[in-house]
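K.L.:
Have a look at this fold, sequence not included:
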């Protein structure tokens, strides 16, 4: 089967799997235990923390390991709000955030917070001038993702960070899709917090991290939590974290090569659909985005039908985030960019990985051609 859903998850790399096995066997101690076996695991954990901080130009004490991107989003935002209640109750975000953030803000709106949704243009990009207009004296936090989980479109984090720093507003960004694909610089973007995930970069599932600037106050979401400096409860998954860091190091090392490869595959796909005159629309093709993610629409054909037909032809693609499977609602990203509900339901996503080839693209294009012709 051809796999073109790497934005949903990735297979573990052989190197990451090898590290997981090695650490699980040789560093099995509880990292919080005071004996030497626990100390060895604790030392390894701190080495991983230091290495991850280096990768994002952050500080060691700002890294907190979690179970993944969704938990990182929730813990980062809730702990910051709890630690900065004096700043106000107004939050700014976008309609194009990942479901973990979207649902979190729905909950916060019932807890006394007022949520303002920053509009995006037809490509899904925010307006800085609009952001400045929406900011109020009681705005406490702004949450804007780095790369959209459906289209890969990038937001101008550096410009946003500069604006929010001047106004002393907390700035969180979901960097789950961009980490390991593009350089992330906490200082350059002037971010208060970010969330990242292991399984998007060929590491194990159930592992992630959040970063909160050590200069920023926060309070634990769960009273009595003792792990990760009180950020969360539960024994630390040292083998998973070490495996995650190995995967991240590989992605960092191969980043220039992979970016070039994904750009080539993206251009090749565009050339093939143009050559066959296929009526396929590429979302946000004229703005900056992650080259390995392509948001597509086949006018008049529901994305779920396209996905199921591709699956029948042994090609794995998606209709958006795997976290939203089972819902029949149209893509929030597409709705936010001005599409009708019917147009938004046409959305499909293909995403390349390090093992993707032009032959995979050829198979996909033929499949899409047959789906269009037979619909």
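P.N.:
Right, received. Where do you want to start? This one's a predicted model, so the numbers in the text were calculated from it and none came from an experiment.
K.L.:
Please count neighbours and contacts with C-alpha atoms only from this point.
P.N.:
Noted.
K.L.:
Quick check: closest non-adjacent residue to the residue nearest to the spatial centre of the chain.
P.N.:
With distances taken as Cα atoms, centre = their mean, residue 176 lies nearest the centre of the chain, 2.3 Å away. Closest residue in space to residue 176, ignoring its immediate chain neighbours: residue 196 at 4.3 Å, by Cα to Cα, 6 or more residues apart in numbering.
K.L.:
Verify the stated contact: the one you found with residue 68.
P.N.:
Yes - taking contacts as Cα atoms under 8 Å, residue 196 lies within contact range of residue 68: 7.1 Å.
K.L.:
all helices of the stretch 51-200 of the chain, in order?
P.N.:
69-83, 99-108, 128-134, 157-166, 186-189 (DSSP state H, counting those that start in this stretch).
K.L.:
ranking those by burial, who's on top?
P.N.:
Among the helices of the stretch 51-200 of the chain, helix 69-83 has the highest mean neighbour count (mean count of other Cα atoms under 10 Å), at a mean of 22.
K.L.:
average pLDDT for that helix?
P.N.:
Averaging pLDDT along helix 69-83 gives 97.
K.L.:
same question, stretch 341-355
P.N.:
Stretch 341-355 comes out at a mean pLDDT of 97.
K.L.:
Equivalent analysis for stretch 39-58, please.
P.N.:
Stretch 39-58 comes out at a mean pLDDT of 96.
K.L.:
Let me see the ranges of the strands in this protein.
P.N.:
Counting by DSSP state E, one finds strands in the chain at the ranges 2-3, 63-66, 90-94, 114-118, 139-143, 170-174, 193-197, 208-212, 281-282, 293-297, 315-316, 347-351.
K.L.:
before we move on, the earlier item: next up, the contacts around the residue nearest to the centre of the chain.
P.N.:
Under the criterion of Cα atoms under 8 Å, 6 or more residues apart in numbering, the neighbours of residue 176 are 69, 195, 196, 197, 200.
K.L.:
tell me the contacts of the second one?
P.N.:
If a contact means Cα under 8 Å, 6+ apart, then residue 195 has 69, 72, 73, 76, 173, 174, 175, 176, 208, 209, 210, 211 as its contacts.
K.L.:
burial measure for the closest residue to residue 272 other than its chain neighbours, as a count.
P.N.:
Nearest non-adjacent residue to residue 272, counting by Cα to Cα, 6+ apart: residue 365, 7.1 Å away. Neighbour count for residue 365, taken as other Cα atoms under 10 Å: 18.
K.L.:
Please report how far residue 365 lies from residue 314.
P.N.:
Per Cα to Cα, to the nearest Å, residue 365 is found 13 Å from residue 314.
K.L.:
Check residue 46 too.
P.N.:
43 Å.
K.L.:
how about residue 310, what does it touch?
P.N.:
With contacts defined as Cα under 8 Å, 6+ apart, residue 310 is in contact with 316, 317, 364, 367, 368.
K.L.:
Out of these, flag the one nearest to residue 62.
P.N.:
Residue 62 has its nearest neighbour among those in residue 317, at 35.7 Å by Cα to Cα.
K.L.:
pretty sure that closest one contacts residue 305?
P.N.:
No - with contact defined as Cα under 8 Å, residue 317 does not count as touching residue 305 (11.4 Å).
K.L.:
So for these two, which sits in the more crowded spot?
P.N.:
Shown here are residue 317 and residue 305; by other Cα under 10 Å, residue 317 has more neighbours (24 against 16).
K.L.:
Residue 230 against residue 218, yeah?
P.N.:
No - counting by Cα under 8 Å, residue 230 stays clear of residue 218, with 10.5 Å between them.
K.L.:
Mind checking which of those two has more residues around it?
P.N.:
residue 218 (20 against 15).
K.L.:
before we move on, back to that, got any residues that touch both of residue 196 and residue 68?
P.N.:
Residues within reach of residue 196 and of residue 68 at once, by Cα under 8 Å, 6+ apart, are 208, 209.
K.L.:
Which residue of those two possesses the greater neighbour count?
P.N.:
Between residue 196 and residue 68, counted using other Cα under 10 Å, the more crowded position is residue 196 (28 against 22).
K.L.:
Run through the residues that contact that one.
P.N.:
By Cα under 8 Å, 6+ apart, the contact set of residue 196 is 68, 69, 72, 174, 175, 176, 177, 179, 208, 209, 210.
K.L.:
got the contact list for stretch 59-73?
P.N.:
49-50, 52-54, 100-101, 174, 176, 194-198, 205-214, 228, 231-232, 236, 241.
K.L.:
again with stretch 346-356
P.N.:
Counting by Cα under 8 Å, 6+ apart, 3-7, 10, 150-151, 258, 262, 265, 292-304, 306-307, 317-320, 331, 334 sit against stretch 346-356.
K.L.:
Relative to the whole chain's centre, how far out is that stretch?
P.N.:
Remark: stretch 346-356 is offset 15 Å from the chain centroid, using Cα atoms, centre = their mean, to the nearest Å.
K.L.:
buried ones in the lengthiest helix in the chain?
P.N.:
The longest helix of the chain (DSSP state H) is helix 238-275. Using 16 or more other Cα atoms under 10 Å as the test for burial, helix 238-275 gives 238-252, 255, 258-259, 261-262, 264-266, 269-270, 273.
K.L.:
That helix versus strand 208-212: what angle between them?
P.N.:
In terms of direction (axes from the mean of the first three to the mean of the last three Cα atoms, to 10 degrees), helix 238-275 departs from strand 208-212 by 100 degrees.
K.L.:
what's the angle between helix 238-275 and strand 293-297?
P.N.:
50 degrees.
K.L.:
Run the angle between helix 238-275 and strand 347-351 for me.
P.N.:
Using the same axes, to 10 degrees: helix 238-275 against strand 347-351 is 110 degrees.
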